[in-house]
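Novice: structure, please.
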Amino acid sequence: MGDSLITIVAIVLAAILMFVFPLMAMSDRTDDVSQLAVETATTDFVDTVRTTGKLTANNYSKFVESINSTGNAYDVEMEIKVLDENPGKKTSQATQDKIGENVYYSMYTSQILDQLEQGGNNAAIALKEGDMFSASVKNTNTTLSQQLKNFFYTVTGNETYTIAASHAGIVTTNGTATN
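Specialist: Numbering: from 1, shown residues only. Coordinates of the predicted model:
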């Protein structure tokens with residue numbers, strides 16, 4: 001009786017070692033590849049907006065398409081900080097230098113998408129030099145790796161994500177809108 005119990009335990013352990021742990025390792029590598037793809041796509045998207053000075057509906061749709069090609073669902077958040085130059089003029093001097101502070105006001109994802117949808121496929125939001133643009137991406141679905149870790153370790157919770165990327169920068173060129 002004792003020999004058959006040891007044999008059953010050995011078979012179960014062998015099955016775990018032969019199938020489950022390699023599956024966990026492969027799913028972790030899949031998440032790593034997805035992470036790299038999302039980081040690269042996010043960086044390229046933000047840098048394109050920064051260097052061209054405009055955010056177009058076409059660029060946004062290509063960005064969303066490229067990150068969704070990893071097989072996961074993502075929440076994309078964008079923010080545009082528009083430079084509202086407040087040039088107070090010195091009246092007592094011959095030179096008119098800017099005084100005071102530059103103030104930024106923010107546009108968030110819902111406002112940005114509303115503007116892009118109103119203009120159709122050729123919609124663009126023109127930015128000017130000094131504006132700031134940022135984008136962050138987080139996966140919203142549970143990946144196979146997360147499911148296996150939840151099953152074996154109960155490490156991750158409902159609000160955690162494994163694939164995320166963010167990138168931001170200052171716009172270097174004045175853009176022109178093509179609405």
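Novice: what kind of secondary structure is the residue nearest the centre of the chain in?
Specialist: With distances taken as C-alpha atoms, centre = their mean, residue 137 lies nearest the centre of the chain, 2.2 Å away. Per DSSP: H, G, I helix; E, B strand; the rest coil, the secondary structure class of residue 137 is strand.
Novice: is it true that it touches residue 164?
Specialist: Yes. At 6.4 Å, residue 137 counts as touching residue 164 under the criterion of C-beta atoms under 8 Å. Just so you know, the C-beta spots here come from the backbone N, C-alpha and C atoms, and that holds for glycine as well.
Novice: so what sits against both of these two?
Specialist: Here residue 137 and residue 164 have residue 38 as joint contacts, going by C-beta atoms under 8 Å, 6 or more residues apart in numbering.
Novice: re the thing from before, and the gap between the residue nearest to the centre of the chain and residue 70?
Specialist: Here residue 137 is placed at a distance of 10 Å from residue 70 (C-beta to C-beta, to the nearest Å).
Novice: got any residues that touch both of these two?
Specialist: With C-beta under 8 Å, 6+ apart as the test, residue 137 and residue 70 both reach 38, 163.
Novice: circling back: mind listing what the residue nearest to the centre of the chain touches?
Specialist: So residue 137 contacts 38, 42, 67, 74-77, 163-166 (C-beta under 8 Å, 6+ apart).
Novice: determine which two of those are furthest apart.
Specialist: The span of the contacts of residue 137, defined through C-beta to C-beta, is set by 77 and 163 at 14.3 Å.
Novice: the two: which has the busier surroundings?
Specialist: Higher neighbour count among residue 77 and residue 163: residue 163, with 25 against 15, using other C-beta atoms under 10 Å.
Novice: what pLDDT does the more buried one get?
Specialist: Note on residue 163: pLDDT of 90.
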